[in-house]
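Asks: below are the sequence and a predicted model; questions follow.
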Amino acid sequence: NAGVTQTPKFRILKIGQSMTLQCTQDMNHNYMYWYRQDPGMGLKLIYYSVGAGITDKGEVPNGYNVSRSTTEDFPLRLELAAPSQTSVYFCASSDTENTEAFFGQGTRLTVV
Amino acid sequence: AQSVTQLDSHVSVSEGTPVLLRCNYSSSYSPSLFWYVQHPNKGLQLLLKYTSAATLVKGINGFEAEFKKSETSFHLTKPSAHMSDAAEYFCVVSDTGGFKTIFGAGTRLFVKA
């Protein structure tokens, strides 16, 4: 049972570089989410998707982009990395918006 | 607008003593409420959820939570703490009237031997 798989687990970026955080789920969930977790701040929703081809902004979308071409995959793109994007990123999926969310193991990103 | 407040950033208990992690929420609709646990360097795992059925919800690992609408609370309890319970716990509210999920800031539980 793979569940939600995120890659990479760790990454160090230089300011201005770009990268894509990958997320894939094998539970056929329609809903997928990207969160960032900063110390003492809980999780903040960056973007979410309610199905293939449909995405929407969450609470903190600036500096990020997403796409959802398939049900399984929901990559998160950072175009111009900034130190403020240093965080732990979690991808999650759920069957509906009010059912249990399954989380990936997280990606620890440092921008220097 | 909905919000969730975890009243304690840190809670420390001795092994074998009760655990109480407090959560208050506000919501315009009938909310769904969740508690998640995060062990160090791990993803989040669902402990339990309330979705307008029984107000006392039992979860995994001996945890339970009671939904009190009059107090807008959803406190997490466990009768006897175990060392393996040391982790961060998140209270989460999700409106059934629309798509929005809010995480609390988290409560770190320390368990002393």
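Replies: Arrived safely.
Asks: what's around residue A:44, how many residues?
Replies: 17 (other Cβ atoms under 10 Å in any protein chain shown). In short, each C-beta sits where N, CA and C put it, glycine included.
Asks: can you classify it as helix, strand or coil?
Replies: strand (DSSP: H, G, I helix; E, B strand; the rest coil).
Asks: output stretch B:68-82 as PDB, nothing but the C-alphas.
Replies: In PDB, the C-alpha atoms belonging to stretch B:68-82 read as follows (Å, rounded to 0.1, in the frame of the first residue of the first chain):
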ATOM      1  CA  LYS B  68     -19.300  19.900  22.700                       C
ATOM      2  CA  LYS B  69     -21.300  22.300  20.500                       C
ATOM      3  CA  SER B  70     -22.300  24.600  23.400                       C
ATOM      4  CA  GLU B  71     -18.600  25.100  24.300                       C
ATOM      5  CA  THR B  72     -17.400  24.900  20.700                       C
ATOM      6  CA  SER B  73     -14.700  22.400  21.900                       C
ATOM      7  CA  PHE B  74     -13.300  19.200  20.700                       C
ATOM      8  CA  HIS B  75     -10.700  18.200  23.300                       C
ATOM      9  CA  LEU B  76      -8.500  15.100  22.900                       C
ATOM     10  CA  THR B  77      -8.100  12.800  25.800                       C
ATOM     11  CA  LYS B  78      -6.400   9.500  26.800                       C
ATOM     12  CA  PRO B  79      -6.600   7.900  30.200                       C
ATOM     13  CA  SER B  80      -3.000   6.800  30.400                       C
ATOM     14  CA  ALA B  81      -0.100   8.200  28.500                       C
ATOM     15  CA  HIS B  82       2.500   6.000  26.900                       C
END
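Asks: quick one: residue B:61 is in a strand?
Replies: No. Per three-state DSSP, residue B:61 lies outside any strand segment and is helix.
Asks: distance of it relative to chain A?
Replies: 16 Å (Cβ to the nearest Cβ, to the nearest Å).
Asks: ok, that residue touching residue B:47?
Replies: Yes. Between residue B:61 and residue B:47 a contact is recorded at 7.3 Å, counting by Cβ atoms under 8 Å.
Asks: these two: which is more packed in?
Replies: residue B:47 (23 against 12).
Asks: could I get the full set of strands for chain A?
Replies: A:4-7, A:10-13, A:19-25, A:31-37, A:43-51, A:54-57, A:64-66, A:76-78, A:87-94, A:102-103, A:107-111 (DSSP state E).
Asks: so how far is residue A:22 from residue A:96?
Replies: As judged by Cβ to Cβ, to the nearest Å, residue A:96 and residue A:22 stand 24 Å apart.
Asks: how about the residues of chain B near chain A?
Replies: B:9, B:32, B:34, B:41-46, B:49, B:51, B:90, B:94, B:96, B:99, B:101, B:103-106 (Cβ under 8 Å from any Cβ of the partner chain).
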